[in-house]
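J.: mind folding the following:
(one chain, ligands or ions: 2)
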Amino acid sequence: MRTTKKYMLGFIGCGHMGMAIARGAVAKEYLERYQLVVYDHHDTNMKTAKGERFGLAKDEADVAENAHIVLLAVNPTQADAVLEKLKEHQPECLLSIVTGLSIAHIQSILGKDTQVIRAMPNTPLQIGEGSTALCKSENCKADEYDFIFQMFAGMGVARTIPEDQMNAIVAVHGSVPAYVYYFIECILKDAVSRGIDEEAARALLVQTVIGSGNLLKQNAGKPIEEFINEVASKGGTTIEAINTFKELNLASIIHEADEKCVKRAEELSH
Ligand SMILES: NC(=O)C1=CN([C@@H]2O[C@H](COP(=O)(O)OP(=O)(O)OC[C@H]3O[C@@H](n4cnc5c(N)ncnc54)[C@H](O)[C@@H]3O)[C@@H](O)[C@H]2O)C=CC1
Ligand SMILES: O=C(O)[C@@H]1CCC=N1
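T.: Ligands and ions are numbered 1, 2, ... in the order given. Okay, here's the model as predicted:
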């Protein structure tokens, strides 16, 4: 479902994630290129934005003056400096994807009247296969929130969650593409060490990840354990690998990694 294409979306920061959102929204035809206005400190990112035929702004204030909704997509340590600059050029609505940046903190700088939407997206958004968790300030209007929610939903899956879970959710989907890529990299290196052609191994492996994900998606209510059992034939190969994961306590390694990931989000929080 699409809402009307009525808002200009301004980007302050257009690095990996800002660019992923801009490209994803255009690729899914949710926004036209003319609805995007971008400002990034780095010339290379501005050149990329120009090459994509997005609108370009000259500074942070220029973004705020030209966009109804301003997307803050800078790193956590850079966010306060941008918010201070926006004090004099308050957007009607600020959409932040900055890890740990709370709605209360944004409103403490920009004022209580600013509508705030907080989102935790992930990079597969750029091809319309992303996941995004969102929450909003009490004063955020349904119109603005629906517009942003539908934009993210159109680029994959979107869910509204309570703000106090925004740090924990980073270990569910925000950071998780990197976990998946790391897992893939480990398997691929192993395959190559066994003499398997890298191109063939990568093609087979990537399709396995896509196919496994799609199978899970099409059977949302089915317990994950059943999918594992369908692969792990009695007395066969898979069970040897699964038992090794269990003996070496992969679950506790994942738990520890998740704890560190969420702790870092908490450290960045303000
Ligand atoms: N990369 C990811 O997968 C995800 C990132 N995030 C969050 O998104 C934010 C951005 O992350 P990335 O895009 O990965 O970082 P990045 O480093 O690729 O991009 C940040 C960009 O902000 C620009 N910038 C900094 N200060 C600026 C200013 N005052 N005006 C204009 N541009 C400015 C920088 O030049 C840089 O290009 C972070 O807060 C991160 O926590 C959230 C979810 C996923
Ligand atoms: O690594 C980070 O801090 C960001 C947040 C989620 C994904 N990337």
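J.: quick one, what contacts the closest residue to ligand 1 within the stretch 151-270 of the chain?
T.: Closest contact between the stretch 151-270 of the chain and ligand 1, by CB to the nearest ligand atom, is at Gly174 (4.5 Å). Quick note: C-beta positions are derived from backbone N, CA and C, even for glycine. Shown in contact with Gly174 (CB atoms under 8 Å, 6 or more residues apart in numbering): Thr99, Met120, Pro121, Asn122, Ala133.
J.: now distance to ligand 1 and neighbour count too, for those, in CSV please.
T.: What follows is the contacts of Gly174, written out as CSV (distance: CB to the nearest ligand atom, whole Å; neighbours: other CB atoms under 10 Å):
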residue, distance to ligand 1, neighbour count
Thr99, 3, 18
Met120, 6, 24
Pro121, 5, 24
Asn122, 5, 23
Ala133, 10, 24
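J.: do you know how far the residue of the stretch 151-270 of the chain closest to ligand 1 is from Ala119?
T.: Gly174 sits 10 Å away from Ala119, going by CB to CB, to the nearest Å.
J.: ditto for Asp113
T.: Taking CB to CB, one finds Asp113 at 20 Å from Ala119.
J.: ok, now Gln165?
T.: Distance from Gln165 to Ala119, by CB to CB: 13 Å.
J.: and what of Glu256?
T.: With CB to CB as the criterion, Glu256 and Ala119 are 27 Å apart.
J.: up against ligand 1, what does the chain have?
T.: Proximity of the chain to ligand 1, by CB under 6 Å from any ligand atom, involves residues 12-13, 15-18, 39-42, 45, 60, 73-76, 78, 81-82, 97-99, 120-123, 174.
J.: buried subset of these as a PyMOL selection?
T.: Burial among the residues of the chain next to ligand 1 is assessed by 16 or more other CB atoms under 10 Å; the matching PyMOL selection reads:
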select buried, resi 12+13+15+17+18+39+40+45+60+73+74+76+82+97+98+99+120+121+122+123+174
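J.: among the residues of the chain next to ligand 1, which ones are in helices?
T.: Residues of the residues of the chain next to ligand 1 located in helices (DSSP state H): His16, Met17, Gly18, Asn45, Glu60, Ala81, Val82.
J.: show me what contacts the residue lying closest to the first one once chain neighbours are set aside?
T.: Yep, that's His16 we're talking about. Spatial nearest neighbour of His16, excluding adjacent residues (CB to CB, 6 or more residues apart in numbering): Thr123 at 6.5 Å. By CB under 8 Å, 6+ apart, Thr123 lies in contact with His16, Met17, Ala20, Gly130, Pro177.
J.: you'd agree Glu88 is up against Ala61?
T.: Yes: at 7.2 Å, Glu88 and Ala61 qualify as touching, with contact defined as CB atoms under 8 Å.
J.: for the stretch 51-200 of the chain, just list every one of the helices.
T.: 60-66, 79-86, 103-110, 142-153, 176-193, 198-218 (DSSP state H, counting those that start in this stretch).
J.: ok, the residue of the stretch 1-150 of the chain found nearest ligand 2 to Asp80 distance?
T.: As assessed by CB to the nearest ligand atom, ligand 2 sits closest to Thr99 within the stretch 1-150 of the chain, at 4.5 Å. Distance, Thr99 to Asp80, using CB to CB: 14 Å.
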